[in-house]
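requesting a structural model of the entry that follows:
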Amino acid sequence: MGIERLTEILKPISGGLKGLHSHDPKDNFLVKNISFEAKDYSNSTHVLIGCPQDEGVLRNKGRSGAAKAPEKIRERLYRMQIPENTEVRLFDAGNVAIADDIDDTDSDEAVDLLEVIHQRLTKAVSEFLRDGKKVIVLGGGNDISYADVRALTETEGEISAINIDAHLDMRIADKMTSGTPYRRLIEERLLQPKNFYEFGIRPETNAANYLENAESLGVNVHYFNRLLESGISKSFQSILNEIQDCPFFLGLDMDSIQASDAPGVSASSPIGFSGREILQLIHHAKQKENLKVFEITETNPRYDIDGRTVKLAASFVYGFLFGSK
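Residues are numbered from 1 along each chain as shown. Below is the predicted model of the structure:
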């Protein structure tokens, strides 16, 4: 099993999170049923890993704060009650070490810290996938989609990917940012455009040139307004039918959700999906065994209101793990 090979690039979560408890002994908090020790890894069905950085967001001229999301989402998630007789066994692998251990002062060429982070995340997710685990990744910025999709391609070969987002994230830039991951994946032939589904795209948040380019490449672009007309759930299920048995990645950028439900994101908007609609999409996706990686990005606790966005993100993870009655 691969967890022993990852100790140098993973940082365990704080003891405070592990110590969450209830005043009522009848409560069955998820934290009591999560494994944190390497010896329990082999028995897990799902692995959760955090990537607490927002360097890519800052490079894309966004507002900082998403680096705190994995910790805050865990705080809420761990307090949720788990259903009886569940077959889910969750292992928390901790967070990717955020490259502060790298000293590039003696190097002739500057080290791209974001690239190092992505290398580490790709290595970890690849190990989990090879061990047969379903993987949940908590960002951080949306640039981590590059690392997660790369890991899935490396382990499975041809794959499909769904990006629930208001933005294409197909910008052209010299360096990786939160706006470039899918451009890089396509350019490096890690993701075929015909297997890539952009879901919830809004023209007012994307340059016309990028919209035209995405469609000319063969990317399946599903615009938000058209989804409202055709039916959000129905359209999403059609995508799942197209994917069939191909291993796939599901990425959720929280800024695809309307600000009334998710105010704490990197780029908020009053227009977007409702939290309830996203929960329904996750329910549909988790029915397929070939969903291998589920990623949540761009939650920004710094701008949250009453923990609303963090609670919603935690509910999405819970829905992916346990579904709903």
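
would you confirm that Glu158 contacts Gln244?
No - Glu158 is beyond contact range of Gln244, at 12.0 Å (criterion: C-beta atoms under 8 Å). Yep, even glycine has a C-beta here, placed from its N, CA and C like the rest.

neighbouring contacts of stretch 271-279?
164, 166, 200, 202, 224, 232-233, 252, 255-259, 261-262, 312, 315-316, 319, 324 (C-beta atoms under 8 Å, 6 or more residues apart in numbering).

quick one: end-to-end length of that stretch, please.
End-to-end distance for stretch 271-279: 17 Å, by C-alpha to C-alpha, to the nearest Å.

what ranges do the helices span in the stretch 101-250 of the chain?
113-130, 144-156, 181-187, 208-217, 224-230, 232-243 (DSSP state H, counting those that start in this stretch).

give me the helices and strands touching the lowest-mean-pLDDT helix or strand in the chain, please.
Lowest by mean pLDDT, DSSP states H and E among the helices and strands of the chain is helix 15-18, with a mean of 78. Contacting helix 15-18 under the criterion 3 or more C-beta pairs under 8 Å, 6 or more residues apart in numbering; DSSP states H and E are the following elements: helix 69-77.

quick check: closest non-adjacent residue to Arg171.
Gly179 (4.0 Å; C-beta to C-beta, 6 or more residues apart in numbering).

give me phi/psi at the one you found?
Dihedral pair for Gly179: phi -100, psi 10, per degrees, to the nearest 10.

then Thr7?
phi -60, psi -30.

quick one: it and Ala151, what's the gap?
18 Å (C-beta to C-beta, to the nearest Å).

compare the two (neighbour count), which wins?
Neighbour tally, Thr7 and Ala151, criterion other C-beta atoms under 10 Å: the higher count belongs to Ala151, 28 against 12.

now the closest residue to the more buried one other than its chain neighbours: how far from Asn206?
In space, and not counting its chain neighbours, Ala151 is closest to Val125: 3.7 Å by C-beta to C-beta, 6+ apart. Remark: distance between Val125 and Asn206 (C-beta to C-beta) = 27 Å.

just give me the neighbour total for the closest residue to Ser260 other than its chain neighbours.
Nearest non-adjacent residue to Ser260, counting by C-beta to C-beta, 6+ apart: Pro270, 7.1 Å away. By the criterion of other C-beta under 10 Å, Pro270 has 8 neighbours.

contacting residues for Pro270?
Counting by C-beta under 8 Å, 6+ apart, Pro270 touches 258-260.

what's the pLDDT at it?
On the pLDDT scale, Pro270 is placed at 96.

same question, Glu242
98.

in terms of helices and strands, where is the residue most central in space within the chain?
Nearest to the mean C-alpha position of the chain, counting by C-alpha atoms, centre = their mean, stands Glu295 at 1.7 Å. Using DSSP states H and E, Glu295 sits within strand 291-297.

give the rounded mean pLDDT of that strand.
On average, strand 291-297 scores 98.

and the contacts of that strand?
66, 73, 125, 129, 134-142, 144-145, 148-149, 151-152, 156, 159, 178, 247-254, 282, 285, 313, 316-317, 320.

okay, and for the stretch 201-325 of the chain, where does confidence drop off?
324-325 (pLDDT under 70).

may I have stretch 185-194 exported as CSV, CA atoms only?
Backbone C-alpha positions of stretch 185-194 (Å, rounded to 0.1, in the frame of the first residue of the first chain) are rendered in CSV as follows:
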residue,chain,number,x,y,z
LEU,A,185,-4.2,19.5,-19.3
ILE,A,186,-5.4,19.7,-22.9
GLU,A,187,-2.0,21.1,-24.2
GLU,A,188,-0.1,18.2,-22.5
ARG,A,189,-2.6,15.7,-23.9
LEU,A,190,-3.6,14.6,-20.4
LEU,A,191,-7.2,15.3,-21.2
GLN,A,192,-8.9,15.0,-24.6
PRO,A,193,-11.3,17.9,-25.3
LYS,A,194,-14.1,15.5,-26.4
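
name the residues of it that are buried.
Residues 185-186, 190-193 are the ones in stretch 185-194 that count as buried (16 or more other C-beta atoms under 10 Å).

shouldn't Ile243 be in contact with Glu158?
No - assessed by C-beta under 8 Å, Ile243 is found out of contact with Glu158, at 11.2 Å.

overlap in contacts of these two?
Joint contacts of Ile243 and Glu158 (C-beta under 8 Å, 6+ apart) are Asn195.
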